[in-house]
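Participant: predicted model follows, preceded by the sequence.
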Protein chains: 2
Amino acid sequence: MVVAGQAEGRLAAFLARWRDPLEDRLRAYAAPGADCPARLSEALTYALLAPGKRIRPMLVLMAAELCGADPTEALPAACAVEMIHTYSLVHDDLPAMDDDDLRRGRPTCHVVYGEANGILVGDALQAMAFQALSEDIPDGSVAARCVAALARAAGPSALVGGQFDDLSAESLPATMETLQAIHRRKTGALLTVSLELGGLVAGGTAEQLDSLRRYGAAIGLCFQITDDLLDATGSSEDVGKRTGKDTDKHKLTFANLIGIEASRDAARQWAGQACAALESFGERAGALVELAQFVLERDR
Amino acid sequence: MVVAGQAEGRLAAFLARWRDPLEDRLRAYAAPGADCPARLSEALTYALLAPGKRIRPMLVLMAAELCGADPTEALPAACAVEMIHTYSLVHDDLPAMDDDDLRRGRPTCHVVYGEANGILVGDALQAMAFQALSEDIPDGSVAARCVAALARAAGPSALVGGQFDDLSAESLPATMETLQAIHRRKTGALLTVSLELGGLVAGGTAEQLDSLRRYGAAIGLCFQITDDLLDATGSSEDVGKRTGKDTDKHKLTFANLIGIEASRDAARQWAGQACAALESFGERAGALVELAQFVLERDR
């Protein structure tokens, strides 16, 4: 489920306008053709079309519009980001990783399709993301810049490195620095590159891209803090995935490290910094400003 | 270990010339910088620098030279192909997949670094492959074409799709058509794209790219048949990975389907077709012709 129902004003209008085109494009990508085994395509659809907030692809589309493009041009990049996000969820949920059986309110991919196929679904989604960027962004040099940005965000110095450290966080110093370094890579990099890709597709200026990246980094930390808070305070039924697991494990989280109230304060500060980064865009940044507010106040 | 010692003539000279530059570049890619956890970089090095035949990256370099380029220009693409190949081996060896504990004569990645990290090493290598192509091929539109070709070869209609069908091959009709459809995607696509990437980096003509692809498809089937034969007839010590496993499982293989002798004949025929595809290159294709012979006669 997209967040439309829970958001207001310009954000709600944007989400309502772009939800169906995005879902349609994702559905098309999940059926890549006759050489793809039918059951694999079914599993790709199950994973990619699962009800999700679609925050990352919507960030791509909003950033593209903010830099002057028709969001339609950014749909391949939006889908690519959602593919990377979905692959990381499918792999993170595997028994050898976080071992989760509930995701987006439904059984996780490996529970439905088996563990081997869960690994393969994630692997396929990652390749599909780079295929979408390279085949469906008409300007080759823009496509190459998008691939480079997304590959860095998905690679060992970002998404994978953050997850790697998160799995062994018990052996790292339990400090705010460690925690932010994990989340900057595990969550922040993909949110940041979502905005960057939208700007790249739209031919945004270096200054615009820099503003978008700063917004992305700030909203990424805000997002992760609220994620921790939802885990600490929400029910599985409301949140759509197993909650309370981080407290169980005495895991390094914002809530465990500085407590619930200080975490809420920090989330507010990061949301404020996110909005400040967009000041040069003026009124046109309205939807992204509202999104920062939504991330701060989200209840799932 | 690269095949240099086992090959002759022009192939041996090419392999001897390019082995060290290739290994050096792979080693550099396996250490992507400070944001990559040190132990992840160690695991990437373990997987990527494991003694291997390096057939795929050498195909990239040979194809580039054949189309008139300095192979140095094709090193990023050569490394990208080896990264995709290595990631697929690391994931295929996981307990949920083929559950192998020996690869390239050493314990498999997940045996040394744990199952979760084995998954992450493969995930990182895939992203790194697309990063290498997009960042290190100077011409953006050539880079985008290379990304598109490699992503297709690695995706659900090729590498992943072939592995998906291979895992459930018992439920598919045990025919030569099924078997070739699996191997065309699981093995052939990556060998074929290796040649294609070399041609693309070198700015090869459409005719040259077509010849290279036909060579790749033929050598791919030859390679898979000899792989089956090695599994059926070789010892683990000689081959460097567990053998006899396909017979154990009554798996769909060339050896199981048409027998050892008919498989040897088929391998010879495909090697011949591979060489025929390169006729328009004349004498200059000498190293690739020798490589087809090497694949046919390889004993590991």
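Facilitator: Looks like it arrived, so ask away.

Participant: hey, where'd the strands end up in chain A?
Facilitator: Using DSSP state E, the strands of chain A run over residues A:102-103, A:106-107.

Participant: ok, residues contacting the last one?
Facilitator: This points to strand A:106-107. Contact partners of strand A:106-107, identified using C-beta atoms under 8 Å, 6 or more residues apart in numbering or on different chains, comprise A:Ala50, A:Pro51, A:Asp101. For every residue, glycine as well, the C-beta is placed using N, CA and C.

Participant: what pLDDT does the nearest residue to A:Leu125 once chain neighbours are set aside get?
Facilitator: Computed as C-beta to C-beta, 6 or more residues apart in numbering or on different chains, the closest residue to A:Leu125 that is not its neighbour in sequence is A:Tyr87, at 3.8 Å. Looking at A:Tyr87, its pLDDT stands at 98.

Participant: just give the nearest non-adjacent residue to A:Leu179, would you?
Facilitator: A:Leu252 (5.5 Å).

Participant: distance of the one you found from B:Ala267?
Facilitator: Going from A:Leu252 to B:Ala267 by C-beta to C-beta, to the nearest Å gives 54 Å.

Participant: same check on A:Glu170?
Facilitator: From A:Glu170 to B:Ala267 the distance is 51 Å (C-beta to C-beta).

Participant: just A:Gln293 next, same as before
Facilitator: Distance from A:Gln293 to B:Ala267, by C-beta to C-beta: 65 Å.

Participant: who has more neighbours, the two?
Facilitator: B:Ala267 (23 against 18; other C-beta atoms under 10 Å in any protein chain shown).

Participant: my guess is the more buried one contacts B:Leu229. True?
Facilitator: Yes - if you go by C-beta atoms under 8 Å, B:Ala267 and B:Leu229 touch, sitting 7.3 Å apart.

Participant: which residues are common contacts for those two?
Facilitator: With the criterion set as C-beta under 8 Å, 6+ apart, the contacts of B:Ala267 and B:Leu229 do not overlap.

Participant: can you list the weak-confidence ranges in chain A?
Facilitator: A:1-8, A:235-250 (pLDDT under 70).

Participant: circling back: correct me if wrong: the residue nearest to A:Leu125 contacts A:Asp123.
Facilitator: Yes - applying C-beta under 8 Å as the test, A:Tyr87 and A:Asp123 come out as touching, 7.5 Å apart.

Participant: now do the shared contacts for these two.
Facilitator: B:Asp123.

Participant: burial measure for the nearest residue to A:Pro21 once chain neighbours are set aside, as a count.
Facilitator: Nearest non-adjacent residue to A:Pro21, counting by C-beta to C-beta, 6+ apart: A:Leu75, 6.4 Å away. By other C-beta under 10 Å, 24 other residues sit near A:Leu75.

Participant: before we move on, the earlier item: Throw the contacts of strand A:106-107 into JSON lines and include distance to chain B and neighbour count, thanks.
Facilitator: Converted to JSON lines, these look like this (distance: C-beta to the nearest C-beta, whole Å; neighbours: other C-beta atoms under 10 Å in any protein chain shown):
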{"residue": "A:Ala50", "distance to chain B": "17", "neighbour count": "18"}
{"residue": "A:Pro51", "distance to chain B": "22", "neighbour count": "11"}
{"residue": "A:Asp101", "distance to chain B": "15", "neighbour count": "14"}
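
Participant: between those residues, which sits nearest A:Leu15?
Facilitator: A:Pro51 (13.9 Å; C-beta to C-beta).

Participant: surely the closest one touches A:Arg104?
Facilitator: Yes - A:Pro51 is within contact range of A:Arg104, at 5.4 Å (criterion: C-beta under 8 Å).

Participant: for the residue nearest to A:Asp92 when sequence neighbours are not counted, grab the count of nearby residues.
Facilitator: Sequence neighbours aside, A:Asp98 is the residue nearest to A:Asp92 in space, at 5.2 Å (criterion: C-beta to C-beta, 6+ apart). Applying other C-beta under 10 Å, we find 20 residues neighbouring A:Asp98.

Participant: distance of A:Asp98 from A:Leu44?
Facilitator: 21 Å.

Participant: just checking, what packs against the longest helix anywhere in chain A?
Facilitator: Counting by DSSP state H, the longest helix found in chain A is helix A:206-233. On a contact count with 3 or more C-beta pairs under 8 Å, 6 or more residues apart in numbering or on different chains; DSSP states H and E, helix A:206-233 meets helix A:55-66, helix A:176-183, helix A:189-201, helix A:245-248, helix A:254-258, helix A:260-277, helix A:286-297.

Participant: so which bits of that helix are buried?
Facilitator: Residues of helix A:206-233 classed as buried: A:208-209, A:211-232 (neighbour count, 16 or more other C-beta atoms under 10 Å in any protein chain shown).
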